[in-house]
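Enquirer: Below is the structure, and that's it, no one-letter string:
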């Protein structure tokens, strides 16, 4: 996948993954019964940012928002923490956390390994079950595929380049034949 296709896809998935639990004017969003939520928002990081925060270069996602009365806040997670593992599984991208939380039943606890002030620590987050995302974590792959279909295909660009190459080849043959 090219950067041109990946950026809009990443933005769309980030909007879906980071959608707040509450809609306009405090109205609850639809929820999947029994699904859990942690009450935090995260974003991807570059290896350089991971170095800056003292996280491993190959993993870590940055906590950008913590719902004040949510499960993550109750466990002590703060904005600026770098989550590096959930239940022992490395976290390199936000969707890995979304999947882990989405697989857990409401009321279950997950263990987050995080880096704060360049020191590693573990916290246990008891997941809440009321209003959460309306999608299932397993649906993220099919959602990604649907978003990819909406994006302008690289095939169009490739066809244009191939057309130009054929045109130049033809002109070059004509030049060689006329010389």
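Expert: Happy to help now that I have it. Predicted model, so just to flag it, every value in this text is computed and none were measured.

Enquirer: Counting neighbours, what do you get for the closest residue to residue 93 other than its chain neighbours?
Expert: Spatially, and ignoring its direct neighbours in sequence, residue 93 is nearest to residue 44 (5.9 Å; CB to CB, 6 or more residues apart in numbering). Yep, even glycine has a C-beta here, placed from its N, CA and C like the rest. A count of neighbours around residue 44, defined by other CB atoms under 10 Å, yields 14.

Enquirer: Verify the contact between residue 47 and residue 55 for me.
Expert: No: contact criterion CB atoms under 8 Å: residue 47 and residue 55 do not qualify, at 9.4 Å.

Enquirer: okay, and for the protein, where does confidence drop off?
Expert: Applying pLDDT under 70 to the chain flags residues 1-35, 130-156, 179.

Enquirer: can you give me the helices in it?
Expert: Taking DSSP state H, the helices of the chain run over residues 3-17, 47-53, 71-75, 94-103, 140-150, 154-178.

Enquirer: Residue 108 contacts residue 127, doesn't it?
Expert: Yes: assessed by CB under 8 Å, residue 108 is found in contact with residue 127 at 5.5 Å.

Enquirer: what about those two, which has more around it?
Expert: Using other CB under 10 Å as the criterion, residue 108 and residue 127 rank with residue 127 on top: 23 against 13.
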